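>>> Dropping a prediction and its sequence here:
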Amino acid sequence: MTVPVISARHISKSFGLHKVLEDVSLDVAQGEAVCLLGRSGSGKSTFLRCLNMLERPSSGVVFVQGRPMGYRERGGKLIPLSAAEESEQRRHLGMVFQQFNLFPHFTVLQNVMEAPLRVLRRPRADVRDEAMALLERVGLAGKAGAYPNRLSGGEQQRVAIARALAMKPEAVLFDEPTSALDPELVSDVLAVIRSLVESRITTVIVTHEIGFAREICDRFIFIEGGSIVEEGPAERLSGGAVLGELVGVPVVAAREITARIAGAFLT
Amino acid sequence: MPGDIVMGTPAPAADISAAGTEMDRLAALKLGKPSRRNRHLVSAVLVLLLVLAVIDLVQRPAFLWPVFFSYFFAPQVLQGVAVTVELTVMSMVLALALAMVLAVMRLSDNAVLRWLSAGYVAIFRAVPLLVLIILIFNVALLYPTASIGIPFGPQLWSQPTNSLVTAYVAAVIAFGTYQAAYTSEAIRAALLAVPAGQHEAAKALGMPPGLAFRRIIVPQALRIAIPSLGNEAIHLLKGATMVAFISVNDLLNVVQTIYNRTFQVIPLLMVACAWYMLMVAVMSVAQRQLERLTSANAMPADSDAPAPAVPAGPTL
């Protein structure tokens, strides 16, 4: 078996006294698509942000391609890296945010070119060709010269995806990529994500779109109260989890309900 | 009961139809405009008074308009204008550079840096500008020689302070350091106003902190700060008149020198006023243009237009 692209080991995270995550572990294999499900406040977004060190876990370590994120080993201990070293590690993971977070003072094309150009210091001509190809891929080559404020939410999110891909990351993290969008704009963004998953780009997706998760993910993780309460291949996404997501009852209670309904039919 | 108001009692049918026709009649009427007669009267009186006052003012013999026009483009006056502009520009550049450092220090994780920055701002906001100007002009009393060397070791370079800190240099240092205290607060507020998502997006792309600050945070913060920076520059331009106290030949000092000789006080002050108004007008227009150019809502983008060619050089 090959080394997982991402391996999160026993991640816990507290903000002050408030415990958000407790002992969450996850391995993501090359080319796999994993969906993180759970109600708001369950800790799933915090877990995603721990994967690329936007939040430093209170305990536990995330490995990307076998390297510990944010640490180096020295004298039998893991020593925290400097901010600059940490940013070097982050290049290996792309991230797409709920609020897009495009750079408003750059055009669409500049948004996509900025990181490969300034962080990786690659030649401008190559970067531009690749950026245009990526914009083509998300269907926005025609908007290359526009500023983000002239784009719809769905278009901005597709640019944000192109921007993340421009760094050629080992995996892309999606943090509720469609939650801030008008309903009619969701499908375009989902189509782009689907095409990434189909081309076997490793992805971890926090989402509320249960149907979408079922359709594209290889595996799902259901987080509740800071812990994984259910996980498995997408087709086994249980009635309990679906019900929990749809009507907002805790998974454990939802499981009980589905079991009773099933029981009622069986007797 | 008579006299009682009863809510919700249906009116008799005849009343309803009568009220209905009455409403029909009123609804068909033309809508008049609100009466503005009083307002027009007040405006007319005010304008008349203003015109009379201006005519009276302008006709006063002390104005000596020909004198005004003869000095407006006089070489000494133009030189004074140049000195004022130069002083303002140099001081503002110094203030901006210093303010950026102070703002970053103030937002740093390091408590000593935060404390130093806060202390600087507290001191330079507390000392009156004029006092600061005179103090720096007289700094030679405190440090007779300025030297660069190894502390308690050999001196590499040394100069008498007075030859270094001329009145002009003292003025630039005083304005720059004073203004920096205020400008740093404006820049700090602007840096804080850049959304957290921008920091996170830059981080997530693997940008090291310095690069993210330079390319992502500062450009957006400056855009936010432009209105207050413009204000401060205008303040500085007018505050520059204080250099008259240390005999720098700025615009005000030049006209004072002239009228002390010719006693044509009013026309020469008018020359100074006109130039200041002109300079401030130019700065206001420049500020507005800058705001327009950098405002996110007016970005020169047309979503339907084909993508323009990417500029070859470094952008922004």
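Sure, I can see it.
>>> Report the spatially nearest residue to B:Asn162, omitting neighbours in sequence.
B:Ala140 (4.5 Å; Cβ to Cβ, 6 or more residues apart in numbering or on different chains). No exception for glycine: its C-beta is placed from N, CA and C like everyone else's.
>>> what's near enough to touch that neighbour?
B:Pro160, B:Thr161, B:Asn162, B:Val165 (Cβ atoms under 8 Å, 6 or more residues apart in numbering or on different chains).
>>> what do you get for A:Arg49?
Residues counted as contacts of A:Arg49 (Cβ under 8 Å, 6+ apart) are A:Glu55, A:Asp175.
>>> any chance you could read off phi and psi for it?
Here is the backbone geometry of A:Arg49 (degrees, to the nearest 10): phi -70, psi -20.
>>> How about A:Val24?
Dihedral pair for A:Val24: phi -100, psi 130, per degrees, to the nearest 10.
>>> Tell me which residues of the helix or strand harbouring B:Thr257 come out buried.
In this structure, B:Thr257 sits in helix B:251-262 according to DSSP states H and E. Residues of helix B:251-262 classed as buried by neighbour count (16 or more other Cβ atoms under 10 Å in any protein chain shown): B:Leu251, B:Leu252, B:Asn253, B:Val254, B:Val255, B:Gln256, B:Thr257, B:Ile258, B:Tyr259.
>>> What of stretch A:3-14?
A:Pro4, A:Val5, A:Ile6, A:Ser7, A:Ala8, A:Arg9, A:Ile11, A:Ser12, A:Lys13.
>>> hmm, who's touching stretch B:50-69?
B:Gln264, B:Val265, B:Ile266, B:Pro267, B:Leu268, B:Met270, B:Val271, B:Ala274.
>>> Tell me the most packed of those, by neighbour count.
Counting neighbours by other Cβ atoms under 10 Å in any protein chain shown, B:Val271 comes out on top of the contacts of stretch B:50-69 with 27 neighbours.
>>> That one and B:Phe63, how far apart?
Counting by Cβ to Cβ, to the nearest Å, the separation of B:Val271 from B:Phe63 is 11 Å.
>>> list the contacts for residue 130?
All of this is about chain A. Contact analysis of A:Glu130 by Cβ under 8 Å, 6+ apart lists A:Pro116, A:Ala166.
>>> looking at chain B here, not the other one
B:Met242, B:Phe245.
>>> hang on, the earlier thing: Serialize the contacts of B:Ala140 to TSV and add fields for neighbour count and secondary structure.
Converted to TSV, the contacts of B:Ala140 look like this (neighbours: other Cβ atoms under 10 Å in any protein chain shown; DSSP: H, G, I helix; E, B strand; the rest coil):
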residue	neighbour count	secondary structure
B:Pro160	13	strand
B:Thr161	16	helix
B:Asn162	15	helix
B:Val165	21	coil
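>>> Closest one to chain A out of those, please.
Using Cβ to the nearest Cβ, B:Val165 comes nearest to chain A of the contacts of B:Ala140, at 39.7 Å.
>>> Check what pLDDT that closest one gets.
According to the prediction, B:Val165 has pLDDT 79.
>>> same thing with A:Ala254?
68.
>>> Ok, A:Ser14 next?
Per-residue confidence (pLDDT) for A:Ser14: 94.
>>> how about the residues of the stretch 151-267 of chain A that lie near chain B?
Proximity of the stretch 151-267 of chain A to chain B (Cβ under 8 Å from any Cβ of the partner chain) is limited to residues A:Leu151, A:Arg163, A:Ala164, A:Met167.
>>> Wait, a helix at B:Arg39?
Yes: under DSSP: H, G, I helix; E, B strand; the rest coil, B:Arg39 falls within a helix.
>>> For the top helix by length along chain B, buried residues please.
Looking across chain B with DSSP state H, the single longest helix is helix B:75-106. For helix B:75-106, a neighbour-count test (16+ other Cβ under 10 Å) marks B:77, B:80-81, B:83-85, B:87-88, B:90-92, B:94-96, B:98-106 as buried.
>>> what's the burial count for the closest residue to chain A within the stretch 1-150 of chain B?
With Cβ to the nearest Cβ as the measure, B:Asp109 is the residue of the stretch 1-150 of chain B nearest to chain A, at 10.4 Å. By other Cβ under 10 Å, 6 other residues sit near B:Asp109.
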